[in-house]
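Peer 1: I would like to see how this sequence folds:
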Amino acid sequence: MCLGIPGKVESLEGNTAKVLFGDTLRKVSLDLLSEEVTPGDYVIVHAGFALERIDEREALITLEILKEAAGLETPR
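Peer 2: Numbering: from 1, shown residues only. As a prediction, this is how the structure comes out:
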């Protein structure tokens, strides 16, 4: 299973974007995206590649779920 993380596109540079994850800005490849993105859009990112554009509401819900899951302990 792969985990894609939502991030907000801050700027575009050719076929890459600077994407904000919390307070961390990362360079992300847009090579696998079939749709155009613009600054302000949210994308799902895995292994440095944007895989899909998603709406802001979906991104924020997903981020909240990931924060909650990070606080859970694994069973022993």
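Peer 1: ok, and what's touching stretch 54-66?
Peer 2: By Cβ atoms under 8 Å, 6 or more residues apart in numbering, the surrounding residues in contact with stretch 54-66 are I5, P6, K8, Y42, V43, I44. Every residue, glycine included, has its C-beta placed from N, CA and C.
Peer 1: which ones are touching the fourth one?
Peer 2: To tie it back to what came earlier, the one meant is Y42. P6, G7, K8, V9, R53, I54, D55, E56, E58, A59.
Peer 1: Tell me which residues touch the closest residue to F21 other than its chain neighbours, please.
Peer 2: Leaving out its chain neighbours, the residue that sits closest to F21 by Cβ to Cβ, 6 or more residues apart in numbering is G7, at 4.6 Å. Contacts here follow Cβ under 8 Å, 6+ apart; on that basis G7 touches V19, L20, F21, R26, V28, Y42, V43, V45.
Peer 1: which one among these gets closest to K67?
Peer 2: Set against K67, the nearest of these by Cβ to Cβ is F21 (12.3 Å).
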